[in-house]
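In: can't give you the sequence, but here's the structure:
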């Protein structure tokens, strides 16, 4: 018997692979997801350097924020998903308390009173935390009840989603309120809600939207809706951002103008070029191919997230992982559609590309939850 035959029969060839998998599971890290996140962070810093006009300090702060996010992600991943299921109601109650505290002593920035600046702590947005606390609570609530959910369960689900969303709207942060609402709705949809209820809810929303626009919407919100239908009604005011963004995207063509050569961004035609409208900078300098490359990296992360949700070994984990993945997709879709003029501007950053603080760390909390779901328990490992 040859040495290779002996190794093959004794299982030696599988030792390295098994050892590698055991190491990743020991530190509770999902390698494919980590690779996708790292590539997005690297590409995001590259684009941010150009979008900020070569400001090294901006890129350094963003890189530091991403490092902090990675550390938070690894810490969250160490906790068994059962821990989050047990503490979901407490985290939700604490989140509501922080949102109420914002209304009393919150700090206003960019027109939204959504920041807390407590002594001894860095300033942060409690509303960002609700992006994963709300779906966590919804998964906890629905996982212990018959599926598909009955009407009374849907009613209480709506209450649990709308209460924090209403508190965030009062803070004048519509974009975050929409994200929190959608993160909870995704859990309900994944729980197997009947399609006739979904269709009925959509029709009711359409019928109620004129009343909201006339009686409830604030002036800046009405301007955003009207600007969406006709940006040129106020080309130097409300429509300025989207007009300049569309010019930048169109001028990039297929191959782009070249890295650092975007006229719209470097001549300051695009406001918020390193935050909400960073996609316009990317499209102008890297062209359609650059945008497709970015989309492919997002798809890689999304597919991995969907697999983690599919492979989860309990209902709570499946609902939570599915909601986190769909919320990440919603982030990407809304920002790209917003910058392209296909949706009204609501102030949502492009994940791992736009400059940010609390919002970036919040994304990594979601990734940490996905890794916890994948590496604890008996999920299939691929």
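Out: All right, it came through fine. Keep in mind that this is a model prediction, so the values were computed, not measured.
In: so residue 108, which of the three states?
Out: Assigned state for residue 108: strand (three-state reduction, DSSP: H, G, I helix; E, B strand; the rest coil).
In: Skipping adjacent residues, who's closest to it in space?
Out: In space, and not counting its chain neighbours, residue 108 is closest to residue 115: 7.5 Å by CB to CB, 6 or more residues apart in numbering. Any C-beta I mention is one placed from the backbone N, CA and C, and that applies to glycine too.
In: my read: that neighbour touches residue 124, true?
Out: Yes - using CB atoms under 8 Å, residue 115 makes contact with residue 124 at a distance of 7.1 Å.
In: Low-confidence ranges, this structure, go.
Out: By pLDDT under 70, the low-scoring segments of the chain are 1-21, 110-111, 120-121, 215-217, 377-382.
In: Return the distance of the residue nearest to residue 108 relative to residue 109.
Out: Plainly put, residue 115 is 6 Å away from residue 109 if you go by CB to CB, to the nearest Å.
In: who has more neighbours, the two?
Out: It is residue 115, of residue 115 and residue 109, that has more neighbours when counted by other CB atoms under 10 Å, with 20 against 12.
In: For the more buried one, list the residues it contacts.
Out: For residue 115, the contacting residues are 102, 106, 107, 108, 109, 123, 124, 125, by CB atoms under 8 Å, 6 or more residues apart in numbering.
In: how far does stretch 207-221 sit from the chain's center?
Out: Taking the mean of its C-alpha atoms, stretch 207-221 sits 26 Å from the chain's own mean (CA atoms, centre = their mean, to the nearest Å).
In: Near residue 344, how many other residues are there?
Out: Count around residue 344 with other CB under 10 Å applied: 18.
In: That one and residue 231 touch, don't they?
Out: No - under the criterion of CB under 8 Å, residue 344 is not in contact with residue 231, lying 10.5 Å apart.
In: quick revisit: from the contacts of residue 115, which single one is nearest residue 26?
Out: Closest to residue 26 out of these is residue 124 (31.2 Å), distances taken as CB to CB.
In: Now do the contacts for the nearest residue to residue 172 once chain neighbours are set aside.
Out: For residue 172, ignoring the flanking residues on the chain, the nearest one in space by CB to CB, 6+ apart is residue 112 at 4.7 Å. Under the criterion of CB under 8 Å, 6+ apart, the contact partners of residue 112 comprise 171, 172, 173.
In: What helix or strand is residue 115 located in?
Out: Using DSSP states H and E, the secondary-structure element containing residue 115 is strand 112-115.
In: List the strands paired with that strand, with their directions.
Out: Within its sheet, strand 112-115 is paired with strand 107-109 (antiparallel), according to DSSP bridges.
In: List the contacts of the partner strand.
Out: The contact list for strand 107-109 (CB under 8 Å, 6+ apart) reads 113, 115, 116, 117, 123.
In: quick one: which of those is most hemmed in?
Out: Across the contacts of strand 107-109, neighbour numbers were computed from other CB under 10 Å; residue 115 holds the maximum, 20 neighbours.
In: ok, back up a step: so which of the contacts of residue 112 belong to helices?
Out: If you go by DSSP state H, the contacts of residue 112 have nothing in helices.
In: Could I get the residues you listed in TSV, plus columns for distance to residue 198?
Out: Formatted as TSV, those follow (distance: CB to CB, whole Å):
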residue	distance to residue 198
171	29
172	29
173	26
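In: which among those gets closest to residue 332?
Out: Where the contacts of residue 112 are concerned, and distances follow CB to CB, residue 332 has its nearest neighbour in residue 173, at 19.5 Å.
In: thought that closest one was touching residue 102?
Out: No - assessed by CB under 8 Å, residue 173 is found out of contact with residue 102, at 9.7 Å.
In: Give the residues shared as contacts by the two.
Out: With contacts taken as CB under 8 Å, 6+ apart, the residues that reach both residue 173 and residue 102 are 114, 127.
In: Check which helices and strands the helix or strand hosting residue 364 is in contact with.
Out: Secondary structure assignment for residue 364, by DSSP H and E: helix 358-375. The criterion is 3 or more CB pairs under 8 Å, 6 or more residues apart in numbering; DSSP states H and E, and the helices and strands that helix 358-375 contacts are helix 31-51, helix 56-78, helix 81-105, helix 126-143, helix 278-311, helix 315-340.
In: returning to that earlier point: now the residue nearest to residue 108: how far from residue 126?
Out: 9 Å.
In: list residues touching both of these two?
Out: residue 102.
In: To which secondary structure element type does residue 342 belong?
Out: Classified using three-state DSSP, residue 342 is coil.
In: And for it, the neighbour number?
Out: By other CB under 10 Å, the residues close to residue 342 number 11.
In: One more: residue 212?
Out: Using other CB under 10 Å as the criterion, residue 212 is surrounded by 11 other residues.
In: same question, residue 277
Out: Here the neighbour count serves as a burial measure; for residue 277 (other CB under 10 Å) it reads 28.
In: again with residue 105
Out: 10.
In: same deal with residue 298?
Out: Under the neighbour criterion other CB under 10 Å, residue 298 is assigned a count of 22.
In: What separation do you get for the closest residue to residue 287 other than its chain neighbours and residue 324?
Out: Once flanking residues are discounted, residue 287 sits nearest to residue 256: 3.2 Å by CB to CB, 6+ apart. Computed as CB to CB, the residue 256 to residue 324 distance reads 32 Å.
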